[in-house]
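Participant: Need the 3D shape of this:
(2 chains)
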Amino acid sequence: MRPTLRPFAVIGVALVVFGPLGLILYQSFLGEAFFSPTARFSLGAYRYVFTDSGFHSAFGTSLLVSFGMTLISVPLGSLLAFLLVRTDLPGKKLLEPWLLVPIFLSPVVLAFGYVVAVGPVGFFSLWTKALIGRVPWNLYSLYGLIVIAGLTHVPHSFLYVSSALRSLDPSVEEAARVAGAGPWRIAATVSLPLVLPSILFSGALIFLLGFELFGLPLVLGDPAGLLVLTTYLYKLTNLLGVPSYHLMAVVALAIVALTFPLVYAQRRMLRTAGRFAVIGGKGQAFRPLPLGALRWPAVGIVLLWLAVTVLLPLVGVALRSVVSQWGEGIQLSEVLTLDHFRELQGHPNLIRGILNTLLLGGIGGALSVAFYAAVGLAAHRWQSRWVSFLDYLVMLPRALPGLIVGLAFLWVFLFFKPIAPLRTTLFSLWLAYTVVWLAYGLRLISASLLQVKPELEEAARVIGARQGKVYRDVTLPLIRFGLVGSWLLMFMMFVREYSTGVYLLGPGTEVIGSLIVSLWGTGALDLISALSVIEVAAVGLILFIALRLGVRLDA
Amino acid sequence: MPDLIARDIEKQLGAAQVLCGVSFELQPGEVLALLGPSGSGKTTLLRSVAGLERPDKGKIEIRGKVVFDAASGFEIPAEQRGLGLVFQSYAIWPHRSVFENVAYGLRLRRASDAEVRQKVGDILKRLGLDHLADRYAHQLSGGQQQRVALARAIVYSPPVLLLDEPLSNLDAKLREDARAWLRELIKQIGNSALYVTHDQTEALAIADRVLLLDRGQIQQEGPPEEIYGSPSSRFTAEFMGSNNRVEGKIAERADGRARLEGKGWSLWGKLQAEKILGATGTGLVRVERVRMVDGGGENHLKMQLTSALYLGERWEYVLQLGDLRMRAWGETSRPAGEYWVSIPADGLWIF
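Facilitator: Predicted coordinates:
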């Protein structure tokens, strides 16, 4: 790529980020939907939303959920990170990939899994009731939602804390050990305090993700009448009978107004985080801290978390997909069936949804990686104000929940007539997905590019290769494995994606995730469970391939 | 016409002025070493010549053709300068075989397949790499990688060969062999070469001319013997070789010489800087010039030997006279005691 072409990559990104956002802003200042001929400038939507008690309580619930889940996942994630990175925990090589699995599972599938596993008439609830005479938990409550959101977000905290711990000089721990401290004391007084910036960073991240939750509160909050900001936005669709786009725009902006400062704060934190680190010699062999008698309780903690967070919902979904009905007094062995999977064939839209999901993940994921790679290469070793602009630019999509990006792109395709026909094609979904995962994808690419030593590119330049040729002959071949890894990761992310497709859902744009969301409203548990099993199986297969290829999941 | 001319090169990196107006010329067939401690700007200077860094000021010409001129903002990008560069890390492309690494420059120059095969074959043979043509970087030893990097840089006959610490990643033993071999090769192909190194022995051994850099400025420039044998500045004197340093007062001056005096001793030396009588001066003498002698004489001192260290190929004596400390080398072990030590006046430079 010639240097003169580079700004176009940045402009392209700016277009797909600012376009939809600008449209939301514009819509929020109209009195009705933008396509209505009588739409006029009005602040009515703001007035309505900000005085609506439903909005107030949704805001309060969102805040509580965010706080609560942060308080659960940060300590637990940090503890798991310490155990897996710094100690001689038995079987840690085996356990580690599992710790990141919840990231690749669709929250709406997990939520559904919890409902059928430990909901009021879930498998485990009824088995427990048969055993002790009552169900000692209530899934449909604020606490249930907070606990499950907290447990499923442990990997996000684990990811950041463990990578910080990995770069911590082991001699600071050895010094504490020699001075007489045991492993828990070392964790509490040396290791974890030293990576405090990363712990706080992961806290800010999880707090942010709390505002973007959609699948969990939709499924778990609904029966208890709990609305958070995103589900409030979702319910607005049906509130007035006519498309209440102006109100949705205001709620969407309110969410962005909350999340954007959090993203910005994180960026600031990340910049200072590096200064605290005690970086040791690279590749230095060190002996992990011996846990002694505490080894087995420690393994117990990890396994318990895995069982509750991964096994429980997945077993629930799997069981539900093979029983014809379930309730009190039903014997599992009497209701086993594969009918639900056969039933899928009677719904052409569901079959299309499965194919679309795989297409979007496989081919769409590859195209997205190509797009991210083009942007990443444009910014690669380019000292320019364009690059710092790009840095700020990719922060925006991080503040945008998939639900809102999907909504915004629906409007974009309705608003700009020349591209309107694309709305009912997979292209609209692909574009929205690409924007939602922009920051993640670019991070994957730049992580690969960072591995390329500058001399390898300089050598080709000095020998006489132009910039474009250097990328083609040296840079791209060197990161090809990273590109394949990025593709597999995007594949999984696109397959599990559910919220972005909610508003774009229509004939031709069905995907498993958004079909589950829309089926949830109709209570078609049989179909949901079958679709969920297919989605989890697809993700599981790709995950297996990725792990076999040695792809790092913690990018 | 020189192969390379650099004029008043200045470069600022962040807050640091890395190069403060460096000028030099490289004659055809000449090997010029850029020598200096880390942070002296030598690598930045080489990268500026290659086109990988853009100096803030100055002008660079290759074979009479301007490739960079800050005054007019003119710059030919690195890929069009046609130079050859050997990187410190070798930068062998791990995804290409030895043959394809070396062939790359020829292919870029649209050489025919037959020509590529012939030229690459020739150069690999010459460097003793012909049996490794199909290997990849990770299958090569450090010395082999270094030769691949060299082959890749010279195969298309660049006007100037640039070498950035090419031997510093080799083992000490291998390095000594490679030194002689590398100089021979460069002389054989008749190329002019700009050679960056922080290792003075390497610079002295390999170069026809040495350019000593410190903090972005040229401290001294000349043939190796001159740089080592008659340093014009205190920095050059101290940077090169192993030295004894004596501090004293100028007690006497006569035709370019001066007598340096301290507590209980006085020594004649060559005056290398303007000094008035009574001023403090620093005398520097290479350790190998200090000799143990049998009796007194001019510039002989009676010193106390406090310890003798065995260094393998020689002994090092540590000698003391009041606050004056000297190191000297010799062939035999010596017990502690008083000895006469000769410090030749033409070997003691006073700054």
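Participant: so which strand or helix has residue A:404?
Facilitator: Assigning secondary structure by DSSP states H and E places residue A:404 in helix A:402-415.
Participant: Show the subsequent helix or strand relative to that helix.
Facilitator: Helix A:402-415 is succeeded, C-terminally, by helix A:426-436 (DSSP H and E).
Participant: Kindly export that following helix (C-alpha atoms) in PDB.
Facilitator: Extracted in PDB, the C-alpha atoms of helix A:426-436 (Å, rounded to 0.1, in the frame of the first residue of the first chain):
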ATOM      1  CA  LEU A 426     -26.300 -11.100   4.500                       C
ATOM      2  CA  PHE A 427     -24.200  -8.100   3.600                       C
ATOM      3  CA  SER A 428     -26.100  -5.900   6.000                       C
ATOM      4  CA  LEU A 429     -25.400  -8.300   8.800                       C
ATOM      5  CA  TRP A 430     -21.800  -8.700   7.800                       C
ATOM      6  CA  LEU A 431     -21.200  -5.000   7.900                       C
ATOM      7  CA  ALA A 432     -22.800  -4.600  11.300                       C
ATOM      8  CA  TYR A 433     -20.900  -7.600  12.700                       C
ATOM      9  CA  THR A 434     -17.600  -6.200  11.300                       C
ATOM     10  CA  VAL A 435     -18.200  -2.900  13.000                       C
ATOM     11  CA  VAL A 436     -19.300  -4.500  16.300                       C
END
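Participant: buried stuff in the following helix or strand past that helix?
Facilitator: Per DSSP H and E, the first helix or strand lying C-terminal to helix A:426-436 is helix A:438-450. In terms of neighbour count (16 or more other Cβ atoms under 10 Å in any protein chain shown), helix A:438-450 has its buried residues at A:438, A:439, A:440, A:441, A:442, A:443, A:444, A:445, A:446, A:447, A:448, A:449. For every residue, glycine as well, the C-beta is placed using N, CA and C.
Participant: Other residues contacting the very next helix or strand once past helix A:438-450?
Facilitator: Per DSSP H and E, the first helix or strand lying C-terminal to helix A:438-450 is helix A:454-463. Helix A:454-463 has contacts (Cβ atoms under 8 Å, 6 or more residues apart in numbering or on different chains) with A:381, A:467, A:469-470, A:473-475, A:478, B:50-52, B:77-79, B:81, B:83-85, B:87-89, B:91, B:93-94, B:104-105, B:108, B:152-153, B:156, B:162.
Participant: and helix A:454-463, how far out from the chain's middle?
Facilitator: Mean C-alpha position of helix A:454-463 versus that of the full chain (Cα atoms, centre = their mean, to the nearest Å) differs by 38 Å.
Participant: Scan chain A for its longest helix.
Facilitator: helix A:53-86 (DSSP state H).
Participant: Give the other helices and strands that the helix holding residue A:404 contacts.
Facilitator: Using 3 or more Cβ pairs under 8 Å, 6 or more residues apart in numbering or on different chains; DSSP states H and E, the elements in contact with helix A:402-415 are helix A:6-28, helix A:229-239, helix A:245-276, helix A:426-436.
Participant: Get me the contact residues on the stretch 201-350 of chain B for chain A.
Facilitator: Residues of the stretch 201-350 of chain B lying near chain A by Cβ under 8 Å from any Cβ of the partner chain: none.
Participant: just the strands in the stretch 201-350 of chain B please.
Facilitator: In the stretch 201-350 of chain B, the strands defined using DSSP state E, counting those that start in this stretch lie at B:209-214, B:217-222, B:243-254, B:257-262, B:265-271, B:280-286, B:291-293, B:300-310, B:315-321, B:324-330, B:337-342, B:348-350.
Participant: What pairs with the last one, parallel or antiparallel?
Facilitator: Strand B:348-350 has the following sheet partners, assigned by DSSP bridges: strand B:265-271 (parallel), strand B:280-286 (antiparallel).
Participant: now do the fourth one
Facilitator: Within its sheet, and counting by DSSP bridges, strand B:257-262 is paired with strand B:243-254 (antiparallel), strand B:265-271 (antiparallel).
Participant: and the particular helix or strand that has residue B:103 in it, how far from the chain's centre?
Facilitator: Residue B:103 belongs to helix B:98-108 when assigned by DSSP H and E. Distance of helix B:98-108 from the chain centroid (Cα atoms, centre = their mean) equals 30 Å.
Participant: Next, the buried residues of it.
Facilitator: Applying 16+ other Cβ under 10 Å to helix B:98-108 flags B:98, B:99, B:100, B:101, B:102, B:103, B:104, B:105, B:106, B:107, B:108 as buried.
Participant: hmm, back to that, export the buried residues of helix A:438-450 to JSON lines and tack on distance to chain B?
Facilitator: As requested, the buried residues of helix A:438-450 are exported to JSON lines (distance: Cβ to the nearest Cβ, whole Å):
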{"residue": "A:438", "distance to chain B": "28"}
{"residue": "A:439", "distance to chain B": "29"}
{"residue": "A:440", "distance to chain B": "26"}
{"residue": "A:441", "distance to chain B": "23"}
{"residue": "A:442", "distance to chain B": "23"}
{"residue": "A:443", "distance to chain B": "24"}
{"residue": "A:444", "distance to chain B": "20"}
{"residue": "A:445", "distance to chain B": "18"}
{"residue": "A:446", "distance to chain B": "20"}
{"residue": "A:447", "distance to chain B": "18"}
{"residue": "A:448", "distance to chain B": "14"}
{"residue": "A:449", "distance to chain B": "15"}
